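> build the 3D model from these lines:
(one chain, ligands or ions: 2)
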Amino acid sequence: PNSNPPRHFLSIRDLTSTEFKTLIDNATAHKKTLQSPDYKYSSWSLSRALVGQTIPMIFSKRSTRTRISTEGAVAALGGHPMFLGREDIQLGVNESLYDTSVVVSSMTAGIVARVGPHKDIADLAQNSSVPVMNGLCDTFHPMQIVADFACLSQRLGVSAGDLKGMKIAWVGDANNVLHDMCIGARKLGIEMAVATPKGYSIAEHVKTMIDEAGDGKIFETNVPEEAVKDADVIVTDTWVSMGQEEETLKRLQAFEGYEITEEMAKKGGAKSDWKFMHCLPRHKEEVSDEVFHGNRSLVFSEAQNRLWAAIAVLEAFVVNKGDIKRTEA
Ligand code: CP
Ligand code: NVA
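Residues are numbered from 1 along each chain as shown. Ligands and ions are numbered 1, 2, ... in the order given. From the prediction side, this is the model:
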C-alpha cells in the first residue's frame with residue numbers, strides 16, 4: 001500500500017540537525033502562543049489543522065505524560081485522539097501487524113504508538129499509509145527528547161542552536177530515553193558523559209547510531225562522580241523500565257550508589273548552577289528529595305513541555321506531512 005510512503009518519526013535519528021532544532025524551537029513557540037494572555041483559540045493558525053481527523057494512540061504500556069500530552073495536542077489542533085489501550089488493540093495479536101497497519105492507517109491521519117520492541121513500531125510504520133510517531137519503544141523516546149531540549153532552551157533563554165557547548169551528564173540506566181538524548185545531543189553539539197553500572201552500558205549497535213548522528217564522543221564511566229564533572233545538567237530516569245519488572249531486585253542492587261544527590265554532584269565537580277532533569281515517572285531511589293524538589297529541578301517544566309512538543313511533532317509530521325518548517329509564536 002506504500003507507493004508514496006509518509007515520513008515517520010521513530011527516533012531523533014529521523015531528523016537532520018536543522019530539523020531537530022526547528023522542532024525544539026517550534027515547541028517553545030507553541031508554548032509562548034498558547035500561554036500568552038492574548039491567546040484566542042479561534043484565531044490560532046493551528047486550531048483547525050486536524051478538524052475532522054482521527055489520531056489513534058496505540059499504547060501497549062501505561063502512560064501519564066505521553067498520553068495526556070498527545071491527546072491534548074490532538075485536541076488543540078481540532079482533531080480526535082482515539083486512545084487504544086492493551087485491552088482494545090494489541091499489535092500482532094489476533095491479526096497480523098501488516099493487516100492492522102493497513103486498516104488503521106486507511107481511516108486515520110497519523111498514528112502515535114507506544115510499544116515494546118522497536119521492531120513493532122518499525123513494522124507498523126513500514127506498512128502504514130499515514131505518519132507513525134513513536135510514543136516510546138524499548139530503544140527510543142523521541143517526543144520526550146524534543147520536550148527535554150525545549151525545556152532546557154527555555155530555561156537558558158536561548159534557541160536550540162545555542163545550546164551548543166553545554167555538557168549533560170546522565171547517571172543511570174542506558175535506556176530508550178538516553179539513546180535519543182545522545183543522538184539529539186550530537187545534532188546540537190552538546191557533550192554527553194554517561195555513568196552506568198558495569199553490565200548496563202550503552203549497547204554497541206546504539207553507539208554506532210549515536211556516532212552516525214554527528215561529531216562528538218561520549219565519555220563513559222561506571223563512576224557517577226566522574227560523569228558529573230563540569231556538568232551543566234544531570235539527568236536520570238528509572239532504573240527499571242517498563243518490561244524489566246522481573247529484574248527489579250537485581251537492578252536495584254546494581255544501581256546502588258547511583259542516587260543523584262547534592263553531595264555526589266559536589267564531589268564530582270558539577271558546575272555550581274547545575275540543573276536536574278528526569279522524564280518521570282520518578283522513583284524514590286534515583287534522586288534525593290532535596291534535588292528533586294529543589295531549585296535545580298526542571299522536572300515539572302520538562303513534563304509540561306511534552307504538550308508543546310507533541311503539538312510541534314503533530315504539526316510537522318501530520319499537518320505539514322514531514323516538511324519541518326519554523327513556526328512563529
Ligand atoms: N515521560 C513519559 O513518557 O512519561 P509517561 O510514561 O507517563 O508517558
Ligand atoms: N525508560 C522508561 C521511560 C518511561 C517514560 C521506560 O521505558 O519505562
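> what sits up against stretch 317-329?
Contacts with stretch 317-329, where a contact means CB atoms under 8 Å, 6 or more residues apart in numbering, come from 6-9, 15, 19, 22-23, 25-26, 28-30, 32-33, 36, 46, 49-50, 53, 55, 77, 109-110, 130-131, 133, 312, 315-316. Quick note: C-beta positions are derived from backbone N, CA and C, even for glycine.
> if you set the cut-off to 7 Å instead, what comes out?
For stretch 317-329, contacts defined as CB atoms under 7 Å, 6 or more residues apart in numbering pick out 6-7, 9, 19, 22-23, 25-26, 29-30, 32-33, 49-50, 109-110, 131, 133, 315-316.
> and these, which of them are buried?
6, 9, 19, 22-23, 25-26, 29-30, 33, 49-50, 109-110, 131, 133, 315-316 (16 or more other CB atoms under 10 Å).
> residues contacting residue 222?
Shown in contact with residue 222 (CB under 7 Å, 6+ apart): 195, 196, 197, 198.
> top of those by number of neighbours, please.
The most crowded member of those, judged by other CB atoms under 10 Å, is residue 195 (26 neighbours).
> count the residues that sit near the closest residue to it other than its chain neighbours.
Leaving aside its sequence neighbours, residue 195 sits nearest to residue 227 (CB to CB, 6 or more residues apart in numbering; 3.7 Å). Residue 227: 27 surrounding residues under other CB under 10 Å.
> next one: residue 262
14.
> give me the subset of the buried ones among the contacts of stretch 317-329 lying in helices.
Mapping these onto helices (DSSP state H) picks out 19, 22, 23, 25, 26, 29, 30, 33.
> columns pLDDT and distance to residue 217 on top of these, output as JSON lines?
Supplementary listing: those in JSON lines, determined by pLDDT from 0 to 100; distance: CB to CB, whole Å:
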{"residue": "19", "pLDDT": "98", "distance to residue 217": "23"}
{"residue": "22", "pLDDT": "98", "distance to residue 217": "26"}
{"residue": "23", "pLDDT": "98", "distance to residue 217": "25"}
{"residue": "25", "pLDDT": "98", "distance to residue 217": "26"}
{"residue": "26", "pLDDT": "98", "distance to residue 217": "29"}
{"residue": "29", "pLDDT": "98", "distance to residue 217": "32"}
{"residue": "30", "pLDDT": "98", "distance to residue 217": "34"}
{"residue": "33", "pLDDT": "97", "distance to residue 217": "38"}
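> contact residues of the stretch 151-300 of the chain facing ligand 1?
Contact residues (CB under 6 Å from any ligand atom) of the stretch 151-300 of the chain with ligand 1: 279, 280, 281.
> which one of those is nearest to ligand 1?
Comparing these against ligand 1 with CB to the nearest ligand atom places residue 279 closest, at 3.8 Å.
> show the model's pLDDT score for the closest one.
Here the pLDDT value assigned to residue 279 is 98.
> check contacts around it.
Shown in contact with residue 279 (CB under 7 Å, 6+ apart): 144, 177, 237, 302.
> domain map for the protein?
Here the domain parsing of the chain from automatic domain parsing is 12-140+304-319, 145-302.
> redo these as CSV? Include distance to ligand 2.
As requested, those are exported to CSV (distance: least, CB to the nearest ligand atom, whole Å):
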stretch, distance to ligand 2
domain 12-140+304-319, 6
domain 145-302, 3
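> helices of the protein, start to end?
Here the chain has its helices, by DSSP H, at 17-35, 65-76, 97-106, 118-126, 142-156, 176-188, 204-212, 224-227, 248-254, 262-268, 289-292, 299-314.
> and the longest one, how far out from the chain's middle?
How far helix 17-35 lies from its chain's middle: 14 Å, per CA atoms, centre = their mean, to the nearest Å.
> got the angle between that helix and helix 65-76?
Inter-element angle recorded for helix 17-35 and helix 65-76: 70 degrees (by axes from the mean of the first three to the mean of the last three CA atoms, to 10 degrees).
> which outside residues touch helix 17-35?
By CB under 7 Å, 6+ apart, the list of residues contacting helix 17-35 from outside reads 12, 15, 39, 44, 146-147, 149-150, 153-154, 159-161, 184, 187, 214, 305, 308-309, 311-313, 315-316, 324-329.
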